[in-house]
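Student: Starting from these lines, generate the structure:
(one chain, ligands or ions: 1)
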Amino acid sequence: MFDILLNFLFPPRCPACERYVEVRGGWCAACLAKAAAVRRLRTTVEERDTIAEAWALGIYEGALRDLVRHLKYQKKMDALPYLQTFLHAVEEDFFRAADVSPHPVAVPVPLFAAKEKKRGFNQTELIFKDWLKEHAIPMERLLVRTRATKPQYGLSKEERRENLRGAFSVPAEKQQDVRGRDVLLLDDIYTTGVTCAECARALKKAGARRVVVLALTSGQK
Ligand SMILES: [Zn+2]
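Tutor: Predicted structure coming up:
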């Protein structure tokens, strides 16, 4: 009843062009197709020591970028249904193209504890949680960010690397959960790859067999 009333008062609209759509959280087909871009990201020779493959599902621009920002900075949970719809739309392309082991463990890029406490959540976890459950992929917090780091914005790749060096680790009590595992390392935005490379390095050091990065978005085309 509530939904009927809600849909009557606020008919669901595409998050990109605001055209009316069938269900709340839905996109119109044209905007969804425009946002979707499942692709393998470029990694450097050095990054390939730890990252087997890096993938992004969409381009960090337009509605997809706005939805991520709304969730992350304005804590707007109503962005989540749109992101869920997006994940469903691109999942087939991802699983067909990426070399993901049949039983990976998903590990989100962690926030520094104080930052997560302030925000109230880790946005990457929220974005992927339900979707992973549907695919029977467990998500485990096997990484921690061991220190606060400067915002990466505006830093060169080399400065980012310096800023993040040694900032991630697998806690001693979690090492056994990482050893020999295939990890799907999750992030909301893949920018230069430095964050994921540092996380992958910590996972490999703890004995992970193979690390595949899955980012919701990236600016890299
Ligand atoms: Zn649209």
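
Student: near the ion, which residues of this protein?
Tutor: Contact residues (C-beta under 5 Å from the ion) of the chain with the ion: 14, 16-17, 19, 28, 31. All C-beta atoms are positioned from the backbone trio N, CA, C, and that covers glycine.

Student: so where's the longest helix in this structure?
Tutor: Ranked by residue count and defined by DSSP state H, the top helix of the chain is helix 80-97.

Student: before we move on, the earlier item: next, check the residues of the chain next to the ion against the helices and list the overlap.
Tutor: Per DSSP H, the residues of the chain next to the ion map to helices at Cys31.

Student: could you redo the residues of the chain next to the ion as CSV and give each row neighbour count and distance to Glu92?
Tutor: Below are the residues of the chain next to the ion laid out as CSV (neighbours: other C-beta atoms under 10 Å; distance: C-beta to C-beta, whole Å):
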residue, neighbour count, distance to Glu92
Cys14, 18, 21
Ala16, 19, 21
Cys17, 14, 24
Arg19, 11, 24
Cys28, 18, 19
Cys31, 19, 18
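
Student: picking up where we left off before, CA atoms only for the next helix or strand after the longest helix of the chain - export them in PDB, please.
Tutor: Helices and strands here follow DSSP states H and E; after helix 80-97, the next one along the chain is strand 105-108. C-alpha atoms of strand 105-108 as PDB (Å, rounded to 0.1, in the frame of the first residue of the first chain):
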ATOM      1  CA  VAL A 105      36.200 -14.300  -1.200                       C
ATOM      2  CA  ALA A 106      35.200 -10.700  -1.700                       C
ATOM      3  CA  VAL A 107      37.300  -8.200   0.300                       C
ATOM      4  CA  PRO A 108      36.300  -4.500   0.300                       C
END
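
Student: Backbone dihedrals for the nearest residue to Cys31 once chain neighbours are set aside, please?
Tutor: Leaving aside its chain neighbours, Cys31 sits nearest to Ala16 (3.7 Å; criterion: C-beta to C-beta, 6 or more residues apart in numbering). Main-chain dihedrals, Ala16, degrees, to the nearest 10: phi -100, psi -50.
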